[in-house]
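> Build me a structure from this.
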Amino acid sequence: MPTPEPRTPAPPFLTDAQRAHLAVALAHLEDELAEVEHLATATPRRTPLRLELADLPTDFSRAIAAELERARAQFSALAVSLGLERRERSRAREIQGLLVTMIVQADEAASRGLRGYGPVDPSLPPVLDARLDEIRAAFIRILACLGTRASYPRDSR
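Down below sits the predicted model:
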């Protein structure tokens, strides 16, 4: 009597909503893992408003390399075993979304937004608001470079 072939177990049942949620949640974890890798391998940045400290243990990036690969392999195995589909991510739309958010945040950082934190010195608006207007204009010009008809918030002042 021939031996029956081993049966491959059916993948666990997921509703469409569960499948979509898992795909989004796991993609987010993949993105965060990529950020960990970037921080572990990149030279610390020094900007006018932020200083990234070089405070990682010696050889940290080498020490975590195998774990990064193991985690990525697990993401891949989950995607296959649960039938999760790879989703497209438009870099143009992502940049557009980031820039629109940045435009709004630059607008909210203006002197009128500081009133909730106390009286605003009258000499502040000409300095702060003028610089923020330039920063906001730069964001709008970057947005225009996408070549799309991206909408962005109009000046609400």
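> any idea which helix is longest in this structure?
Taking DSSP state H as the criterion, the chain has its longest helix at helix 16-41.
> for that one, packing partners?
Contact analysis of helix 16-41 by 3 or more Cβ pairs under 8 Å, 6 or more residues apart in numbering; DSSP states H and E lists helix 60-81 as its packing neighbours. Backbone N, C-alpha and C define where each C-beta goes, glycine included.
> in the helix it packs on, what counts as buried?
Neighbour-count burial for helix 60-81 flags Ser61, Ile64, Ala71, Ala79 (criterion: 16 or more other Cβ atoms under 10 Å).
> Report the angle between that helix and helix 16-41.
Between helix 60-81 and helix 16-41, the angle comes out at 160 degrees (axes from the mean of the first three to the mean of the last three Cα atoms, to 10 degrees).
> If you count neighbours, what's buried in the helix or strand following helix 60-81?
Downstream of helix 60-81, the next assigned helix or strand under DSSP states H and E is helix 91-108. Of the residues in helix 91-108, those buried by neighbour count under the rule 16+ other Cβ under 10 Å are Ile95, Gln96, Leu99, Val100, Met102, Ile103, Ala106, Asp107.
> export those residues to TSV and tack on distance to Leu143 and pLDDT?
Written out in TSV, the entries for those read as follows (distance: Cβ to Cβ, whole Å; pLDDT from 0 to 100):
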residue	distance to Leu143	pLDDT
Ile95	8	95
Gln96	7	96
Leu99	5	97
Val100	7	96
Met102	9	97
Ile103	8	97
Ala106	12	96
Asp107	14	95
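> from the middle of its chain, how far away would the longest helix of the chain be?
10 Å (Cα atoms, centre = their mean, to the nearest Å).
> Quick one, grab the pLDDT at Arg50.
Note for Arg50: predicted pLDDT of 96.
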